[in-house]
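*Asks:* take a look and give me a structure for this.
(chains A and B)
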Amino acid sequence: MRQQTEQVRTFGENDSLPVVTKTITQEKINRYADASGDHNLLHLDPAFAATTQFGGTIAHGMLGLAYVSEMMTTAFGEAWLKGGRLKIRFRGAARPGDTVTASGRVVRVEAGETKCEVECRNQTGDVLVSGDAEVAIR
Amino acid sequence: MTVSLADLPKGHEFAETRFKLTPEWVAEYVRAVEDKAIVSLPERSYPPLALAACSFRALLEHASLPEGAIHVGQAINFSLSGDRESELVARARIASRGERQGWVLMGIDLNVASDTGKEIMSGRATITFPLNGEVAG
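*Replies:* I've put the predicted structure just below:
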């Protein structure tokens, strides 16, 4: 049974979005692979991944993007689900042991649309995901 | 045996795929991404990226990812109704394909509609993978 305790505040320009922080583990990567059906060896096989430019397994980009989506759901509630847009680039890889933080800032509010800059960084500040998110507030 | 995405040309259209977001699969996805926000919304709500993941999973029934493939970009628009029980229809096509310095850059357009024809998600995934299946070192 869900709690249904949605409390969504109103965000204005330059407001920061509530950050979401997660720690990446190989177990979590494996779990995402099973859910998504993406069993690319780069994510799952340390021996294979060691032969690539990454030198080891990396998390699926969509796992990091899910943290951005969680941040947007926290900020905007059902509005995010009913009318959202994301346009991002994956700029770096999250590895097992990394702490990934999704953050964002409102850059424009107009005509029922709230546009945000969003990103994910690891614990050393490297950008893993960056881009824009828009949500229709009706 | 499925064909590899590496073997498909620009303009290739994948066979239409029908699927459902079952409560069990949504729960598995939410556990995998540890989404703590979605559980505060009405019970039938699901993360929009669950839809993207499920439709991508459906796509992978038609074509496998080449070894060493990397997801480099994602654009996605969604307008969820909250009715995760209805049958969904996914359509995908290879919108772009280019080769440079031993790597292929491929854009795949993916659209998902309800069984009534209402589009609930559209987007483009951009992936890159080594040309000729060679692992990047």
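
*Asks:* chain B: helices as residue ranges?
*Replies:* Using DSSP state H, the helices of chain B run over B:23-33, B:48-59.

*Asks:* keeping just the C-alphas, turn the longest one into CSV.
*Replies:* Okay, so that is helix B:48-59. This file holds the C-alpha atoms of helix B:48-59, laid out as CSV (Å, rounded to 0.1, in the frame of the first residue of the first chain):
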residue,chain,number,x,y,z
PRO,B,48,8.4,7.3,-16.9
LEU,B,49,11.8,5.8,-17.5
ALA,B,50,10.3,2.4,-16.6
LEU,B,51,8.3,2.7,-19.8
ALA,B,52,11.5,3.6,-21.7
ALA,B,53,13.3,0.6,-20.2
CYS,B,54,10.4,-1.8,-21.0
SER,B,55,10.1,-0.6,-24.5
PHE,B,56,13.9,-0.8,-25.0
ARG,B,57,13.7,-4.3,-23.6
ALA,B,58,11.0,-5.1,-26.2
LEU,B,59,13.3,-3.7,-28.9
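
*Asks:* so for chain B, the centremost residue is which one?
*Replies:* Centroid-nearest residue in chain B: B:F56, 2.4 Å away (criterion: CA atoms, centre = their mean).

*Asks:* so who does A:E70 touch?
*Replies:* Contact analysis of A:E70 by CB atoms under 8 Å, 6 or more residues apart in numbering or on different chains lists A:V20, A:A102, B:V33, B:E34, B:D35, B:K36, B:A37, B:I38, B:P47. C-betas here are computed from N, CA, C, even on glycine.

*Asks:* ok, these vs A:R9, which is closest?
*Replies:* Proximity of those to A:R9 (CB to CB) peaks at B:A37, which lies at 13.5 Å.
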